[in-house]
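> got a predicted structure plus its sequence, pasted below:
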Amino acid sequence: MSMRKQFVQTVENLLAEDERLVLLLGDIGVFGFRNAFQSFSERVYNIGILEQATLSVAAGLAKTELIPIVHTIAPFLVERGLEQLKDDFCYQELGGNFVSVGASYDYAALGCTHHCPGDVGALKNLPGMEIVLPGTAQEFDQLFLQGYANGRPTYYRLSERENPVSFNVTFGKANVIQTGSQATVVAVGPALKPVLEAVKGLDVTVLYYVCVSPFDIETLKTHATSAKILLCEPYYQGGLVSEIIKAMWPSAVLLDVMGVPLAFLNHYGTAEEHDEAIGFTPSEIRARLEQLIHE
Amino acid sequence: MFGGVNLLNAQNTAMALEQAPLLRDSQAALNRLRRMIIEASAYAQEGHIPSAFSILNILWVLYTHILQIDPKHPDTLDRDRFVLSKGHASLGLYAVLADKGFFPLEELDTFGRYNSSLGGHPDTRKVPGVEASTGSLGHGFPMAVGMALGFKIKKQPNRVFCLVGDGECNEGSIWESALLASHHQLSNLCCIVDYNHSTDRALLMGDLAQKFNAFAWETLTIDGHNEIEILEALTTKTDNKPLAIIAETIKGFGCAVMENEPAWHHKFPTEAELETLIEGLS
């Protein structure tokens, strides 16, 4: 099952269980939620293509003790609605769930207006915003159930591409995938897939983060014993650099970062073609990791 | 003077007329509030006095006659809601809230200070009775729409009132929200536009009643400084439509030197000016 289908299933189940839940769709996912529209017509809306008002309306719903979910494509949810997320949710300390699709270059062929590798970096600048990148459908289900009613603004980034295996994930905690002595790889969300292929046979630790914020400092401090860290992120690269440096302080860290370079991805095609173009492939990751090990 | 679609019924009018003496008595209260606003701004050397004066009659009628909110228990779930979307008029709201007992009058003296709860824009986390933190224009109104939708979902009979500025109506989110409110038939929502024409120097908004009508709202146009008209408008009931009240106002109303004087928009009285301004309150 894809993350998008899991999102529908998870939310449909919750709508039946929790009368506080209200779903606002930005004119996407309407077919997927067709059953929810029928079963919960008073709490499921195809709200339209007006993201700024939608987010503020969601804040108003939260002020009446309801739990809003806003779902649309990443650039319109995050970049167009950033001030609403900042002022209406984060500053007012309101709970809400913001579920995107199409982040980074999942919608590669639609061009730069529909690319969104900047979502995580933008949201990291909003105090109180939680940022969640599940790697599989099952992980989304676990994380959403844990977080949807926590009273805080939380961003869930659904990805078109998933990791080959699901882990038991806990909101705000990292998973130790393997331990080794020569370096540590920090893989965020669906970046774990190429990382797992890249590290085959290498004596390295792999830490898997599904929550960018809150960031699990303790797991990194405990397991990054080599002080050589390769950070692999599926968005604009370097998003977690400050967290890693702070977590490792006062130890010196040899840190390399891989992810999407800060540039407009001025091509179409497929996500895999963009992976190749920016060098975010298992072979490139392995090469950078070996270079780091031998530094 | 009423324009647009006049929805007043005889019952509303009779009620308002019955209250006319009470409304006339409010002039003393309003001048007291104006003095509090001028003094708070002068002490803090901050605040938008004319913007506050522009909406003061409306706020007074709302908090005196309309809103079902207990000042001593402003967080009860079954209260009506008022959102000041044009947050820079915060001094007007603070003065009314203090006067009604939401917080001590003395707090007005702290306005704008480092540790004060009363800032240049209202903060729901700090000020009892403030329903939404506003300041960035175009946020409060859609939040009010969300509150009204929330009440509709929960079948809660409370009403939501929101006050926006005419300059704020430049913002796209205002019209996004207007679309949503009428589409979802939020008859529990009332938007009051403080039409003091301060935005005319930048962008003419023209016939705002016609614009809200075009967005399928019921609309009324009133004198925003005539409390009987304000009360009649605010007690208007609509069927399956939100209500927009276009309140024709004068920026700085009640203080002759400030009325329609752009220089006073974000100007603070000096010590020498303070006495003159207070003496000149109408």
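Received the coordinates, thanks.
> phi and psi next, for B:Pro71.
When read as degrees, to the nearest 10, the backbone of B:Pro71 gives phi -60, psi -30.
> isn't it right next to B:Ala98, touching?
No: using CB atoms under 8 Å as the test, B:Pro71 is too far from B:Ala98 to be in contact (9.7 Å). Heads up, the C-betas are built off the backbone N, CA and C, glycines and all.
> so where's the longest helix in chain B?
Criterion DSSP state H: the longest helix present in chain B is helix B:20-44.
> just after that helix, pick out the following helix or strand.
Using DSSP states H and E, the helix or strand that follows helix B:20-44 towards the C-terminus is helix B:49-61.
> can you list contacts of the helix or strand following that next one?
As assigned by DSSP H and E, the chain's next helix or strand after helix B:49-61 is strand B:81-84. With CB atoms under 8 Å, 6 or more residues apart in numbering or on different chains as the test, strand B:81-84 has contacts from A:63, B:62-63, B:67, B:69, B:90, B:92-93, B:122, B:130-132, B:134, B:140-141, B:143-144, B:147, B:158-163.
> quick check: closest non-adjacent residue to B:Ser136.
Excluding the flanking residues, the one nearest B:Ser136 by CB to CB, 6 or more residues apart in numbering or on different chains is A:Asp87, at 5.4 Å.
> my guess is that neighbour is in a helix, correct?
Yes: A:Asp87: assigned to a helix according to DSSP: H, G, I helix; E, B strand; the rest coil.
> report how many residues lie close to it.
Residues lying near A:Asp87 (other CB atoms under 10 Å in any protein chain shown) number 22.
> rewinding a little: what's the longest helix of chain B in contact with?
B:47, B:49, B:52-53, B:56-57, B:60-61, B:64, B:91-92, B:94-96, B:98-99, B:105, B:108-109, B:111-113, B:118, B:227-228, B:231, B:254-255, B:268-271, B:273-274, B:277-278, B:281-282.
> which strand or helix spans the residue of the stretch 51-200 of chain A found nearest chain B?
For the stretch 51-200 of chain A and chain B, the shortest gap (CB to the nearest CB) falls at A:Gly60, measuring 2.0 Å. For A:Gly60, the host element (DSSP H and E) is helix A:51-62.
> run through the neighbouring helices and strands of that helix.
Under the contact definition 3 or more CB pairs under 8 Å, 6 or more residues apart in numbering or on different chains; DSSP states H and E, helix A:51-62 sits against strand A:21-25, strand A:67-73, helix A:82-84, strand A:96-101, helix B:140-154, helix B:172-183.
> 6 Å instead?
When contacts are defined as 3 or more CB pairs under 6 Å, 6 or more residues apart in numbering or on different chains; DSSP states H and E, helix A:51-62 sits against strand A:21-25, strand A:67-73, helix A:82-84, helix B:140-154, helix B:172-183.
> enumerate every residue touching the spatially closest residue to the residue of the stretch 51-200 of chain A closest to chain B that is not a sequence neighbour.
Distance criterion CB to CB, 6+ apart; nearest residue to A:Gly60, sequence neighbours excluded, is B:Gly146 at 2.0 Å. Shown in contact with B:Gly146 (CB atoms under 6 Å, 6 or more residues apart in numbering or on different chains): A:Val57, A:Gly60, A:Leu61.
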